[in-house]
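In: no FASTA, just this:
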């Protein structure tokens, strides 16, 4: 448990003061059923056989439990349980099904993160559904991954919403789902290459793999200034470096497909880990930034 009891109590106190309705638009039992099997949890009221029964009795029928009873109810492990339990609870409280108002959700995320940051965690957007963010709890250390901040800044001016979603998903998944991060790193490179080629009125063959896309994109870009000595040699060296970055990303993605999650794995099997994901994400981010910046520089000079 890395999120301390001090942080948890401060967070819960703030939610009480701000009168946060943690169940959103749902009934409390309906919300909790998204995270827990209420029928398997015991009742604190001998008149009922499970948690679903006593929640209904004391929060709907009699309404004699305080509004934030769940924070300190030992059955739900929010004060004393694993970090993952608390993070899932908080992320679920800002899910679009629970809280349709995006602005309200964003304000709650800011509130949560102001406390979680003390222990190195955060609630962050992982993906979107129907234009609304889906959040996940994660170790905030992922934001310091080499290259990811640069690629987000470089591509922030892009009109491609999909690219932004890829970056967000890639960051969130490095520690929580390394296989997803590796696959997304490959997709990010493919998207960048196809976008650059499209803006140059070039339609690559549909069967191009990542390596072919990168080679095709590099061929279209002027890689070095015209006035440097031995320009041809410099271009060749840069092409080799870029090709190696693409090979790293593509190779790790191939490993994920071969050894990652899939059918027929034993219960003790472990797939590629965060260190592999960081290598793929770093290589893809570095290459994506270079290609996009080179493309934009050439466009500005024309």
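Out: Yep, that arrived. The shown structure was predicted, so the numbers you read here are calculated from the model rather than taken from an experiment.
In: wait, isn't residue 40 in contact with residue 52?
Out: No. The pair residue 40 / residue 52 is not scored as a contact, 9.8 Å apart, by Cβ atoms under 8 Å. Where you see a C-beta, it was placed from the backbone N, CA and C, and this is true even at glycine.
In: which of those two has more residues huddled nearby?
Out: Higher neighbour count among residue 40 and residue 52: residue 52, with 19 against 9, using other Cβ atoms under 10 Å.
In: next one: the residue nearest to the more buried one when sequence neighbours are not counted from residue 122, what distance?
Out: Spatial nearest neighbour of residue 52, excluding adjacent residues (Cβ to Cβ, 6 or more residues apart in numbering): residue 38 at 4.0 Å. Applying Cβ to Cβ, to the nearest Å, the value for residue 38 to residue 122 is 28 Å.
In: neighbour count winner among those two?
Out: Shown here are residue 38 and residue 122; by other Cβ under 10 Å, residue 122 has more neighbours (23 against 19).
In: am I right that that one is in a helix?
Out: No. Going by DSSP: H, G, I helix; E, B strand; the rest coil, the assignment for residue 122 is strand, not a helix.
In: can you pull the contacts of it?
Out: By Cβ atoms under 8 Å, 6 or more residues apart in numbering, residue 122 lies in contact with 112, 113, 116, 137, 138, 140.
In: now residue 35
Out: Residue 35 is in contact with 88, 89, 92, counting by Cβ under 8 Å, 6+ apart.
In: which SSE is the first one in?
Out: When secondary structure is defined using DSSP states H and E, the element that contains residue 88 is helix 83-93.
In: the residue lying closest to residue 18 once chain neighbours are set aside is in what secondary structure piece?
Out: What sits nearest to residue 18 in space, not counting adjacent residues and going by Cβ to Cβ, 6+ apart, is residue 111, at 6.7 Å. Using DSSP H and E, residue 111 maps to helix 102-116.
In: how about that helix: buried residues?
Out: Going by neighbour count (16 or more other Cβ atoms under 10 Å), the buried part of helix 102-116 is 105, 108, 109, 111, 112, 113, 115, 116.
In: and which of those is nearest to residue 212?
Out: For the buried residues of helix 102-116, the residue nearest residue 212 by Cβ to Cβ is residue 109; the value is 40.4 Å.
In: pretty sure the closest one contacts residue 94?
Out: Yes. The pair residue 109 / residue 94 is scored as a contact, 5.9 Å apart, by Cβ under 8 Å.
In: overlap in contacts, these two.
Out: 123, 135.
In: distance-wise, check the residue nearest to residue 18 relative to residue 122.
Out: 12 Å.
In: same check, this time on residue 128
Out: Distance, residue 128 to residue 122, using Cβ to Cβ: 18 Å.
In: then residue 191?
Out: Distance of residue 191 to residue 122, computed by Cβ to Cβ: 26 Å.
In: kindly report the same for residue 251.
Out: Relative to residue 122, residue 251 is positioned 31 Å away (criterion: Cβ to Cβ).
In: the nearest residue to residue 214 once chain neighbours are set aside is in what secondary structure piece?
Out: Distance criterion Cβ to Cβ, 6+ apart; nearest residue to residue 214, sequence neighbours excluded, is residue 246 at 4.1 Å. Using DSSP H and E, residue 246 maps to helix 231-259.
In: next helix or strand past that helix?
Out: On the C-terminal side of helix 231-259, the nearest following helix or strand under DSSP H and E is helix 274-301.
In: avg pLDDT for that next one?
Out: Here helix 274-301 scores 80 as its mean pLDDT.
In: give me the buried entries from the contacts of residue 35.
Out: 89, 92.
In: using a markdown table, please lay out the contacts of residue 35 together with pLDDT and distance to residue 277.
Out: Below are these laid out as a markdown table (pLDDT from 0 to 100; distance: Cβ to Cβ, whole Å):
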| residue | pLDDT | distance to residue 277 |
| --- | --- | --- |
| 88 | 95 | 21 |
| 89 | 97 | 26 |
| 92 | 97 | 25 |
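In: can you redo the contacts of residue 35 as JSON lines with distance to residue 21?
Out: Listed next are those as JSON lines, based on distance: Cβ to Cβ, whole Å:
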{"residue": "88", "distance to residue 21": "18"}
{"residue": "89", "distance to residue 21": "14"}
{"residue": "92", "distance to residue 21": "13"}
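In: still on that earlier bit, test my guess that the residue nearest to residue 18 contacts residue 16.
Out: No. Proximity of residue 111 to residue 16 does not meet the contact threshold set by Cβ under 8 Å, at 11.8 Å.
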